[in-house]
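S.K.: Need a 3D model of the sequence below.
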Amino acid sequence: MAETDEDIAAPFLRRRVNNLAYFRKYRPELYDFFAELQLNHIELVVTPGLTDVDLTDHGQTVYRNHAQSFSRDEVDKFLSENPGDKAMLTLAPSEISSYNPNRFASHAVRQCFQYSSFNKENFKGYFRGESFPSVVFLGCGLGYHIEALATKADIVDAVVFEPDAERFAASLYTVDWEAICTRFRRKGCSISFSIPVSPDSANVRRVLGGKLAEMVPLYPFFTIYYNHLANVELFRTAKDLERDLPIVGANWGGYDFELRGLNNVVHNIESARPYLKPKFKLQSEQPVFVVGSGPSIDKRIADIERHYNKAIVISAGTGLRALLNHGIKPHFHLELDADYIIYEILSDLGKEALHGITLLASIDVNPLVPDLFDKTLFYFKRNNYLPPLLDASAYAVDYCNPTCTNAAMAIACALGFSNIFLFGTDYGYRNKAQHHSRHSIYGDTADSEFSSRMRATAGADQSEIKTFEVPAVDGGYVLTRTDYYAARRQVEQFIEDMSRTKLALNIRNCADGAAIEGAPWLSSQALDELLESHDDSAVTELDRLLPSETGKLSIPLWRKNLELLSREIKSSANAYLQILAHARLNGRRDLVVVGNEVRAYLNRIGPGSGRQTPVAIQMMGYQMLKGSIHHFLYVGLSHGMACETDEELIHFSRGWKKEFEAFLKELPHHFQRAVVEAKPTNEDPWVVRRLIEAEPGLENR
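M.R.: This next block holds a predicted model:
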């Protein structure tokens, strides 16, 4: 290389060294990945005599020798298209009807609405002012556009998403990442990087989706995409992920929801019943029928009857009554929900009807439910941070949410069964008047007083539920709703992820409702042909797989960790109170900043977080509080940013802060009373309350 070429290259090489030194100190995960990464299909082009640079990808120019000038022009266009006075039209603010006045956290969020001037009839969008609450850079390229926008605009939270790791590696030569990141060290500001290891479309979608979910509630309400180089495919992926917003919302939960489950866990652990210890190794081709209570089960029940002796039958939730009413007793019944209503539904069947059925129950099931069955095996959900507190992480099963059919399918696979057939998993319906089997608790053949009340309630609720169309197995369409949609998408995600493991797992759809990608639909005739070669050995196979799969929990370990969890919740509440105490709340940016500070603390877990409890305790504390913190931020930011005048904004923001602080001050005492000092099962009033009912002590609100 000539001396002049060396002189030209020197500043770019120095910049890479400096960037790596910065990342090594402040972003070690980036340093570890990029320090030794070699560029194969990407090349930075520095041409003597030119003041600008280029990037080539597989030999093709990206910027046509004008990377810097192109990026500056692109930034100017972005700013002109997104002026500060332009309303952001995303999802509307939450409504007070979404929050139960008779539950502690929900009531606290509900109190914020008294300060809001929001009127859904006149909602014009969100007004961000001169700051950008959240910008997601779709594509890093050489980084000049990020450098320029961070210099010209006030961004509270930025995400740099680059699907091609080599392109980000090239930016190490061109922009000063330390200078860029330093701009986000201001109070309440943040910048993060999301770079998939593999650039294949499925992985890009997964990584981007995961990152967006972390940004809640800035995403999806206040996020603007900066689509660098007009990447059509990447922008389409980002917009397509918005279809999964029901899944994002379904994962919020809330303190009230988590508290109910944790109270149940206290009692279930004290009962000393065994739990499943799956091996996560496919070892049996014995058919497993997972049975839900979708409308089509009434037509396909004969299929289950014909092949009953060839298959292990698992009823999922309300699918049990549909089977029993046809004289079919499943080998297992699975329950996922922690609510007291599950006990009411099952006890309405009578204990004799449940005789001989083994219950597979989430560890947080209502503690009265196991007493209805001859045998109970608890299971753990991997997306729950409880298993580490019980030294049971190795046995937690993934993909159990959001419905019982999801859990039954996942557990059947975890126990070693590779041939799974889905019945009554319609995840939709063709007629709003029949959203479940006629023989389920919601069907017209159920004749008990309790089922009549359930049916009447479901009918009233159904009229309020928003529905939309999705493709059906017959090529037409069925109606679905957000919870059914989320359940179907989780099945599809499970199938997609399992296919990457190269395991010979076969999941087939025997329901006549929504099409499930990856689970081919089988007619009755096709099912008969497929199972023709199987013999009647289901029970024998079941006995072979289950005996060595159970364990017992340590009660002393649990009690110790429960005390630590109480300490973590108190510490977290104090940390949030400190953030709020220093919040100014004199304008739109102030509101976004405090929201981002709260969000940052919520997500800051593990070594270096400043928290004092073991990581497993921190994670459980995060699970307990995440949903309600999200709801406080959602209500605060959405109603605040929807205010059209600064006076309305300041009035609401300060009222929101007051109610948030009141909740945080009472939170540790509430947790102590409800969980740590819980009474025995037969004396605990929490055990016999549905989540929609008033919690003990709040009956008169």
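S.K.: how about the helices in the stretch 451-600 of the chain?
M.R.: 482-500, 524-531, 538-545, 555-581, 588-603 (DSSP state H, counting those that start in this stretch).
S.K.: Dump the ones you listed into a markdown table; add mean pLDDT as well.
M.R.: Formatted as a markdown table, the helices of the stretch 451-600 of the chain follow (pLDDT from 0 to 100):
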| stretch | mean pLDDT |
| --- | --- |
| helix 482-500 | 92 |
| helix 524-531 | 95 |
| helix 538-545 | 63 |
| helix 555-581 | 97 |
| helix 588-603 | 96 |
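S.K.: so can I have JSON lines of those showing distance to residue 131?
M.R.: Backbone N, C-alpha and C define where each C-beta goes, glycine included. Shown next, in JSON lines, are these (distance: least, CB to CB, whole Å):
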{"stretch": "helix 482-500", "distance to residue 131": "31"}
{"stretch": "helix 524-531", "distance to residue 131": "58"}
{"stretch": "helix 538-545", "distance to residue 131": "58"}
{"stretch": "helix 555-581", "distance to residue 131": "18"}
{"stretch": "helix 588-603", "distance to residue 131": "4"}
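S.K.: among those, which is nearest residue 182?
M.R.: Smallest distance to residue 182 across those (CB to CB): 16.7 Å, for helix 588-603.
S.K.: Out of the helices of the stretch 451-600 of the chain, which is the most enclosed?
M.R.: helix 588-603 (a mean of 21; mean count of other CB atoms under 10 Å).
S.K.: just checking, what packs against that one?
M.R.: When contacts are defined as 3 or more CB pairs under 8 Å, 6 or more residues apart in numbering; DSSP states H and E, helix 588-603 packs onto strand 131-138, strand 154-161, helix 218-221, helix 555-581, helix 615-641, helix 646-671.
S.K.: Residues in contact with it: which ones?
M.R.: Helix 588-603 is contacted from outside by 127-131, 133, 154, 156-157, 187-190, 214, 217-218, 222, 572, 575-576, 579-580, 583-585, 622, 625-626, 629, 632-633, 636-637, 640-641, 649, 653, 657, using CB atoms under 8 Å, 6 or more residues apart in numbering.
S.K.: circling back to that earlier point, do you know which of the helices of the stretch 451-600 of the chain lies nearest residue 228?
M.R.: Nearest to residue 228, of all the helices of the stretch 451-600 of the chain, is helix 588-603, at 23.1 Å by CB to CB.
S.K.: tilt between that closest one and strand 131-138?
M.R.: Relative orientation of helix 588-603 versus strand 131-138 (axes from the mean of the first three to the mean of the last three CA atoms, to 10 degrees): 50 degrees.
S.K.: Take helix 588-603, keep the C-alpha atoms, and write them as CSV.
M.R.: Extracted C-alpha coordinates of helix 588-603, given in CSV (Å, rounded to 0.1, in the frame of the first residue of the first chain):
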residue,chain,number,x,y,z
ARG,A,588,-43.9,16.3,27.4
ARG,A,589,-40.2,15.4,27.3
ASP,A,590,-40.1,15.3,31.2
LEU,A,591,-42.9,12.7,31.1
VAL,A,592,-41.2,10.5,28.6
VAL,A,593,-37.9,10.8,30.4
VAL,A,594,-39.3,9.7,33.8
GLY,A,595,-41.2,6.9,32.0
ASN,A,596,-37.9,5.7,30.3
GLU,A,597,-36.1,5.9,33.7
VAL,A,598,-38.7,3.7,35.3
ARG,A,599,-38.6,1.3,32.4
ALA,A,600,-34.8,1.2,32.5
TYR,A,601,-34.7,0.3,36.2
LEU,A,602,-37.4,-2.3,35.7
ASN,A,603,-35.3,-4.0,33.0
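S.K.: Pull the number of nearby residues for residue 20.
M.R.: 16 (other CB atoms under 10 Å).
S.K.: how close does it get to residue 194?
M.R.: According to CB to CB, to the nearest Å, residue 20 stands 19 Å off from residue 194.
S.K.: And for residue 689?
M.R.: Residue 689 is 41 Å from residue 194, by CB to CB.
S.K.: Same drill for these two, tell me which one is more crowded.
M.R.: Per other CB under 10 Å, whichever of residue 689 and residue 194 has more neighbours is residue 689, with 20 against 17.
S.K.: any idea how this structure splits into domains?
M.R.: 3-99+127-250, 284-551 (automatic domain parsing).
S.K.: averaging pLDDT over each of those domains, which comes out lowest?
M.R.: Note on the domains of the chain: domain 284-551 shows the lowest mean pLDDT, a mean of 89.
S.K.: That one: end-to-end distance?
M.R.: Taking CA to CA, to the nearest Å, domain 284-551 runs 22 Å from one end to the other.
S.K.: what's the offset of it from the middle of its chain?
M.R.: The chain centroid and the centroid of domain 284-551 are separated by 21 Å, computed with CA atoms, centre = their mean, to the nearest Å.
S.K.: so who does residue 505 touch?
M.R.: By CB under 8 Å, 6+ apart, the contact set of residue 505 is 282, 413, 418, 420, 495, 498, 499.
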